[in-house]
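Novice: Pasted the sequence and its predicted model underneath.
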Amino acid sequence: MIVRVPLVSGITDTAENIKEIAQLLKKLNINKINIAPYHTLGVEKYKEIGLGYSLSDVDDYPMDKVKEIQKFFIGEDLQCEIA
């Protein structure tokens, strides 16, 4: 099983949350995780179809932070790929 975790600045990427995810995966004997950095590719599509987009003020997730979180998970003996 592979768990996929979206990375959204200030929402899912807090140090406490990342640590708790690692602890939960270990407890469940899951050793594979994919981290998916937030991107703004869907914003324009929402505008085109007339829907509001609740994360429109959130920027693309910075790749240096993605690598930092990946390094943390690997240090916790989890196989971590960037999705």
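Specialist: Perfect, I can see it now.
Novice: in the chain, which spans are helices?
Specialist: In the chain, helices defined by DSSP state H lie at 15-27, 43-48, 63-75, listed in chain order.
Novice: How about residues contacting the least confident helix or strand in the chain by mean pLDDT?
Specialist: Least confident helix or strand, the chain: helix 43-48 with a mean of 82, by mean pLDDT, DSSP states H and E. Here helix 43-48 makes contact (C-beta atoms under 8 Å, 6 or more residues apart in numbering) with 52, 53, 56. (C-beta placed from N, C-alpha, C; glycine too.)
Novice: one more time with 7 Å, if that's ok
Specialist: Outside helix 43-48, the residues that touch it by C-beta atoms under 7 Å, 6 or more residues apart in numbering are 53, 56.
Novice: for stretch 68-83, same thing?
Specialist: Contacts for stretch 68-83 (C-beta under 7 Å, 6+ apart): 4, 7, 13, 18, 22, 25, 31-36, 66.
Novice: Only the buried residues of that stretch, if you could.
Specialist: Using 16 or more other C-beta atoms under 10 Å as the test for burial, stretch 68-83 gives 69, 70, 72, 73, 76, 78, 80.
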